[in-house]
Every structure is written in structure tokens, then in C-alpha cells.
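A.B. asks: need coordinates for the following:
(chains A and B)
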Amino acid sequence: EPEVTQTPSHQVTQMGQEVILRCVPISNHLYFYWYRQILGQKVEFLVSFYNNEISEKSEIFDDQFSVERPDGSNFTLKIRSTKLEDSAMYFCASSAGLAEITDTQYFGPGTRLTVL
Amino acid sequence: DAKTTQPPSMDCAEGRAANLPCNHSTISGNEYVYWYRQIHSQGPQYIIHGLKNNETNEMASLIITEDRKSSTLILPHATLRDTAVYYCIARIPGKGRRALTFGSGTRLQVQP
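C.D. replies: Purely as a prediction, here's the structure:
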């Protein structure tokens, strides 16, 4: 069964450094998403991406964050200057782009980001 | 999206049915109820969704009350692998909004 993959599984970085989290969505899916989950807290939506542009974003997704689909298979989340509070599990998801009622989002296993 | 209320935790014996309730008393007529689960910090997994009719798939059944103010997710024969946090989400699809808003969910512990 096709699945979303994410690399790395764990990323440790120093505060102020840039990080790029990578995701390979399910082939032929058209919508891509990033969510995050701070330890012990809720899963929070960050951004959705369709047709090479952001289609929806949350208040969390400020100028420090950016997303890109650099080629036909990868989808990345960049954090320009990491803060301690960016430490979280980051989940990538993709969906086929069906009607919004039935468009199921498939999540990857996550990347645990630790900012020191 | 309507607010949903779920019990923070539940236990269920392995092999028995797990019935997970969700209250969504302010749900509007065009809001769907979706259920996802998250197994031990893995990515959330879609289970089922419905509007007003009861729904069943290979994973679970969804029972929505006639007034739509509450619903129950039923795992007919719970296994240890069903131990997870279950999220009930009420949302109106459309207008380009696909973001999922997760609450705190119900932590289901399936006991051997």
C-alpha cells in the first residue's frame, strides 16, 4: 500500500539554524500538508499546498516557515531560524485532491525536531 | 467548525466492542463528523466519516444520533493494536478548507 515517507526521522539542531524537513507524498496525490505536534499537545495544522502554491495556512505558519515542491516527488518544510518552541513532531500528509468531503489525508510517520 | 467533546480516556477488553462517544451539540446541518486515530505518536490515520446516516467500513462503524448532536465510533472487536488516541472532528468541507482541527481526543487502552 502506498504511504507517505518522511526524512529524517529525528533532527537535532541549534537554535537559530535553518532546517529542512523532507517528505515524499503518495504518488499521484495533488494536495500536500504539514502539521506539527508539540510533545503532549494537540496535532496542529500548519499549511496545505496545491498546484505549486499555498492553498491554506494557519497562524502558526509565519514568515519563518516556507514550503516547496522542488521536484516531482519531494515536498519540503523549511524553518529559517529555529526557536526552542519549534521543537515538535512534524507530520507531512497528502491527499488525492478529490471532493473535500471525501478527500482522505494520509499522514507520514513524522520527523521529530529537537531545537537545542 | 463545531466544538466536539470526548472523554479523555477509556478502557476496553480485547475482543470486545469499543464504543467511543463524541458530543457535537452545536453541529450545523452541513458539517460532517470525521474520526481519526493516532497510534503512539505516529501520524494520524483516517477511520471513517459521516453526515447523518450510519456508516460502516472495514475498520469501524459510525453511529450518528438522529438529532446529530452526538455520535459513537464502534470498533467491533478491539485488538491490542487498536490502542490509540481517537479524534472526533466536525467540519464543513468546502471553500478550499481542507485543514483538520484536532482536539485532545480519547485515549483508548485495549486490555488483554
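A.B. asks: in contact with the residue of chain B found nearest chain A: list those residues for me.
C.D. replies: Closest contact between chain B and chain A, by CB to the nearest CB, is at residue B:43 (2.8 Å). Backbone N, C-alpha and C define where each C-beta goes, glycine included. Contacts for residue B:43 (CB atoms under 8 Å, 6 or more residues apart in numbering or on different chains) come out as A:4, A:91, A:93, A:107, A:108, A:109, A:110.
A.B. asks: and if we set it to 6 Å?
C.D. replies: By CB atoms under 6 Å, 6 or more residues apart in numbering or on different chains, the contact set of residue B:43 is A:91, A:107, A:108, A:109, A:110.
A.B. asks: around chain B, which positions in chain A sit nearby?
C.D. replies: Remark: the part of chain A in contact with chain B comprises A:42-43, A:45, A:48, A:55-56, A:91, A:100-101, A:104, A:107-110, using CB under 6 Å from any CB of the partner chain.
A.B. asks: how many residues are close by whatever residue of chain A ends up closest to chain B?
C.D. replies: Per CB to the nearest CB, residue A:107 is where chain A lies closest to chain B, at 2.8 Å. The local packing of residue A:107 (other CB atoms under 10 Å in any protein chain shown) involves 23 other residues.
A.B. asks: please apply the same query to residue B:46.
C.D. replies: 18.
A.B. asks: how about the nearest residue to it once chain neighbours are set aside, phi and psi?
C.D. replies: Leaving aside its sequence neighbours, residue B:46 sits nearest to residue A:104 (CB to CB, 6 or more residues apart in numbering or on different chains; 4.7 Å). Taking degrees, to the nearest 10, you get phi -80, psi 130 for the backbone angles of residue A:104.
A.B. asks: swap in residue B:81?
C.D. replies: Dihedral angles of residue B:81 (phi, psi; degrees, to the nearest 10) stand at phi -70, psi -10.
A.B. asks: tell me the centre residue of chain A?
C.D. replies: The centroid of chain A falls nearest to residue A:34 when counting by CA atoms, centre = their mean (2.8 Å).
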